[in-house]
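Undergrad: Predicted model and sequence follow; I will ask about them next.
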Amino acid sequence: MSFLQMPDPTAARRLFLGRSGLLLSATAVALLSGRDALAAKSDAAAGHDVQILNTALGAELEAIAAYQLGAESKLLEQPTLALALTFQGHHKEHAELLAKTVARLGGKPASPKPSYDFPVQQLKSQADVLRFAARLEQGAVSAYLGAVPLFGNPDLAQAAASILGDEAMHWAVLRQAIGEAPVPSAFVS
Amino acid sequence: MLAAWMGAPAQAAPDALRGEQVYARCQACHALAADRVGPHHCGLFGRLAGSVPGFDYSEAMKKSRIVWNDATLDRFLAKPLAVVPGSSMTYAGIADPAERADLIAYLRQANGTPACARTAAVH
C-alpha cells in the first residue's frame, strides 16, 4: 500500500522515511558539527560561497513558509498533511545547515521575509496545494543544479548536491501524489 | 559543397512555448508578478537592472548599469556571475543559446500580457 493511502500518519511517515530514518550526509554532519575545516582559499572565495549559500537559504526559508501555508490551509488530509510536514522538516534542516555554514564562513545568514507573496487565491484543493509544492520543489532542483558547480569549496558543493537529491525526491513524490509520472525524464534541468 | 556554401544550419526560431518550460528553472527564485528570492519579471524589458523598488538587490546588480533587453538578457543568462560578479543570482547559467532564446521569447510574450502590464504599472 502506498504510504499516501495509509490511515495512520505515524506509520506512513515511518514507511516513507525508511527503517534507517533521516540521515545527513557525512559532509553535512561535519559541516554542522564544525569538524570540517572550512578553510577558504581567500576571503573572496569565502564571500563567493557565502553568497551562494545565502541565496539557497533564502529559497529554503521560502519553502518552509510555503509548506506552512499548505499545512494551515486545511486543504491537506492525512496522510498527505504528514507528508507535507515531513518535507517542511527537511527544508528546516537544509536551512539550519546553510545558516550555520554561512555564519562559520563569517557571513550573515539570510533571514525569513516578513511575508511571502504566495498565490493563495489559486489554492482551492489538496491537489492545488500539492501542485504548488511540486513546482517549488522542481524549482529547488534547478536552483541547486545551477549552484553546485559554482562553489569554490568542494565540500560545500557536495552538501548542496545532497540537498538537491532530497529536493528531487520531494518533487518525485509530489508528482506521483498529483497523478503525474514521478520521474518524467533521465535528467533534471 | 552546397552545404559548405550554405554554412551551418539555421537555428530554429525562438519558441515561447519551449521557453515557458525553461522558465520552470527560473521559478526556483522568480515569478512573473511577485518578488521572491529574485525580483519579478513583469516590466523586465527596458528596466534598469537592480531597480525594482523594495527588492533587496546585491550591490553588484545595483551598480551594473545594465538595461534589460534581448541582448543583455542573453549575455547575462549564459553566465550570470561572469556578467555581474557578486550578484546574488548564484546560478551557473543556461549554456544552450537556443534555450536562452526560447526563454527570452517567453519572457517577451509574458510581458506583453495585460496581467503583466498591470503588475509592471503597480511596481
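TA: Perfect, thanks for sending it. Numbers count the residues shown, from 1 in each chain, chains lettered A, B, ... in the order given.

Undergrad: List the buried residues of the helix ranked longest in chain A.
TA: In chain A, ranked by residue count with DSSP state H as the criterion, the top helix is helix A:43-72. Using 16 or more other C-beta atoms under 10 Å in any protein chain shown as the burial criterion, the residues of helix A:43-72 that qualify are A:46, A:48-67, A:69-71. For the C-beta atoms, the positions are set from N, CA and C on the backbone; glycine is no exception.

Undergrad: Tell me where chain B is predicted with low confidence.
TA: Confidence mapping of chain B against pLDDT under 70 gives the ranges B:1-11, B:122-123.

Undergrad: What parts of it come near chain A?
TA: Proximity of chain B to chain A (C-beta under 8 Å from any C-beta of the partner chain) is limited to residues B:24-29, B:31, B:34-37, B:58, B:81, B:86, B:88-93.

Undergrad: go again using 10 Å as the cut-off
TA: Taking C-beta under 10 Å from any C-beta of the partner chain as the contact definition, chain B meets chain A at B:21-22, B:24-31, B:33-38, B:40, B:56, B:58, B:60, B:80-81, B:85-94, B:96, B:99.

Undergrad: Helix or strand next in line after the top helix by length along chain B, which one?
TA: In terms of residue count, the longest helix belonging to chain B (DSSP H) is helix B:97-111. Moving toward the C-terminus from helix B:97-111, the first helix or strand encountered (DSSP states H and E) is helix B:114-122.

Undergrad: and the angle for that following helix with helix B:97-111?
TA: 80 degrees (axes from the mean of the first three to the mean of the last three C-alpha atoms, to 10 degrees).

Undergrad: Pull helix B:114-122 out as PDB, backbone CA atoms only.
TA: Listed next in PDB are the C-alpha coordinates belonging to helix B:114-122 (Å, rounded to 0.1, in the frame of the first residue of the first chain):
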ATOM      1  CA  PRO B 114      -2.400  42.600 -19.600                       C
ATOM      2  CA  ALA B 115      -1.700  40.900 -16.300                       C
ATOM      3  CA  CYS B 116       2.000  41.700 -16.600                       C
ATOM      4  CA  ALA B 117       1.300  45.200 -17.700                       C
ATOM      5  CA  ARG B 118      -0.900  45.700 -14.600                       C
ATOM      6  CA  THR B 119       1.900  44.300 -12.400                       C
ATOM      7  CA  ALA B 120       4.500  46.500 -14.000                       C
ATOM      8  CA  ALA B 121       2.400  49.600 -13.600                       C
ATOM      9  CA  VAL B 122       1.900  48.900  -9.900                       C
END
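
Undergrad: Name the residues that touch that helix?
TA: Residues from elsewhere that reach helix B:114-122 (C-beta atoms under 10 Å, 6 or more residues apart in numbering or on different chains): B:31-34, B:40-47, B:107, B:109-111, B:113.

Undergrad: Centre-most residue in chain B?
TA: B:L73 (4.8 Å; C-alpha atoms, centre = their mean).

Undergrad: Show me where chain A dips below the pLDDT cut-off.
TA: Judged by pLDDT under 70, chain A has its weakly predicted residues at A:1-42.

Undergrad: Buried ones only from the residues of chain B next to chain A, please, as a PyMOL command.
TA: To isolate the buried members of these in PyMOL, using 16+ other C-beta under 10 Å:
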select buried, chain B and resi 22+25+26+27+28+29+30+31+33+34+35+36+37+38+40+58+60+80+81+87+88+89+90+91+92+93+94+99
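
Undergrad: ok, now which ones touch the spatially closest residue to A:R135 that is not a sequence neighbour?
TA: Take A:R135 and drop its neighbours on the chain: the residue closest to it by C-beta to C-beta, 6 or more residues apart in numbering or on different chains is B:Q27, 6.3 Å away. By C-beta under 10 Å, 6+ apart, the contact list for B:Q27 reads A:R135, A:L136, A:Q138, A:G139, A:A140, A:S142, A:A143, B:R36, B:G38.

Undergrad: what distance separates the start and the end of stretch A:74-87?
TA: End-to-end span of stretch A:74-87 (C-alpha to C-alpha, to the nearest Å): 17 Å.

Undergrad: Return the distance of that stretch from the chain's centre.
TA: Centroid separation between stretch A:74-87 and its chain, computed with C-alpha atoms, centre = their mean, to the nearest Å, is 16 Å.

Undergrad: So which other helices or strands are in contact with the helix or strand hosting A:R131?
TA: Applying DSSP H and E as the criterion places A:R131 in helix A:126-147. Packed against helix A:126-147 by the contact rule (3 or more C-beta pairs under 10 Å, 6 or more residues apart in numbering or on different chains; DSSP states H and E) you find helix A:43-72, helix A:80-104, helix A:154-177, helix B:16-26.

Undergrad: coming back round to it: from what I see, the residue nearest to the centre of chain B and B:F45 are in contact.
TA: Yes: taking C-beta atoms under 10 Å as the definition, B:L73 is a contact partner of B:F45 at 8.4 Å.
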